[in-house]
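> please find the sequence and the predicted model below.
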Amino acid sequence: MAIKVHGPVMSPAVMRVVATLKEKELDFELLSVNMQTGDHKKEPFISLNPFGQVPAFEDGDLKLFESRAITQYIAHTYADKGNQLLANEPKKMAIMSVWMEVESTKFDPIASKLNFELVVKPMLGMVTDDAAVTENEEKLGKILDVYESRLKDSKYLGGESFTLADLHHAPVVHYLMGTKVKSLFDARPHVKDWCADILARPAWSKALELHKQ
Ligand SMILES: N[C@@H](CCC(=O)N[C@@H](CS)C(=O)NCC(=O)O)C(=O)O
């Protein structure tokens, strides 16, 4: 049975899953969920994710939600397909997990808030809260200082090879690159190179092609 991803491809959390499937060269079906009409808060979607958020995911009889849990399932289950996205031994895996946690608990809340203020609100004709932008730019700068120091010593966050710890950042980094917040990434040379590297991956370009459809 085909892998199914439910959710709009413009959503960063959906893109996290789509990029992983592209890295793994897996076929999948993308099923749209109309968030404007609130379909993510109603049946049948709510049976797939009781929290009413995209994405939801199906692989045969397995149903999952939470994008980072889904990417880890894909990377483990399809380890022999496409590009390897996991570290290959327990200590390296633990370091990779550290940076996956950093992404989800430290980077993402701040970066997603900036994405909401600077990308989503203008798209929806809403007014950007400049004070919130300033406050979160300051917070993001401090987080990126830590990234800069990590990436001085290590090509990727999890180690010397690209892993899910890097991939999980790609969607929000992609959107922020089109905003004034890009200067925060560019001001830190190792962070700048890392962003260019993770966004230049063929799988990421293939995932972005879905935005055009
Ligand atoms: N932790 C969740 C977050 C998912 C999430 O925030 N999805 C957003 C779209 S990117 C959403 O569904 N927002 C609508 C809502 O929260 O009602 C994940 O990674 O899957």
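All right, it came through fine.

> buried set for stretch 174-186?
Counting neighbours by 16 or more other Cβ atoms under 10 Å, one finds that the buried residues in stretch 174-186 are 174-176, 179, 181, 184-185. In short, each C-beta sits where N, CA and C put it, glycine included.

> again with stretch 50-68
Burial within stretch 50-68, assessed by neighbour count using 16+ other Cβ under 10 Å, is assigned to 52-59, 64-68.

> and the ligand, which of those contact it?
52-55, 66-68 (Cβ under 6 Å from any ligand atom).

> how distant is the longest helix seen in the chain from the center of its chain?
Identified as the longest helix of the chain according to DSSP state H is helix 130-153. What separates the centre of helix 130-153 from the centre of its chain is 17 Å, taken as Cα atoms, centre = their mean, to the nearest Å.

> so what secondary structure elements neighbour it?
Helices and strands in packing contact with helix 130-153 are listed as helix 108-115, helix 182-186, helix 189-199; criterion 3 or more Cβ pairs under 8 Å, 6 or more residues apart in numbering; DSSP states H and E.

> next step: the buried residues of stretch 50-68 restricted to helices.
When DSSP H defines the helices, the subset of those inside them is 67-68.

> which of the buried residues of stretch 50-68 sit farthest apart?
For the buried residues of stretch 50-68, the farthest-apart pair by Cβ to Cβ is G52 and D59; their separation is 21.2 Å.

> what's the separation between A19 and Q72?
Distance, A19 to Q72, by Cβ to Cβ, to the nearest Å: 14 Å.

> go on, E117?
Look at E117 and Q72: by Cβ to Cβ, they are 29 Å apart.

> more crowded one of those two?
When E117 and Q72 are compared for neighbours, E117 comes out ahead with 22 against 19, by other Cβ atoms under 10 Å.

> does the more buried one touch A132 like I think?
Yes. In this structure E117 lies within contact range of A132 using Cβ atoms under 8 Å: 5.6 Å.

> residues in this protein within reach of the ligand, list them.
So far as Cβ under 6 Å from any ligand atom goes, the chain lies against the ligand at 11-13, 40, 52-55, 66-68.

> redo that, cut-off 8 Å
By the criterion of Cβ under 8 Å from any ligand atom, the positions of the chain lying close to the ligand are 7, 11-14, 16, 35, 40-41, 49, 51-55, 65-70, 104, 112.

> coming back round to it: just the buried residues of the longest helix of the chain, please?
Within helix 130-153, the residues that qualify as buried are 133, 136-137, 139-140, 143-144, 147-148, 150-151, counting by 16+ other Cβ under 10 Å.

> how about F107: what's its closest non-neighbour residue?
In space, F107 comes closest to I143 once its chain neighbours are excluded; the distance is 5.7 Å by Cβ to Cβ, 6 or more residues apart in numbering.

> for the one you found, list the residues it contacts.
Residues counted as contacts of I143 (Cβ atoms under 8 Å, 6 or more residues apart in numbering) are 106-107, 110.

> how far away is it from T71?
With distances defined as Cβ to Cβ, the gap from I143 to T71 amounts to 21 Å.

> thank you kindly, that will do.
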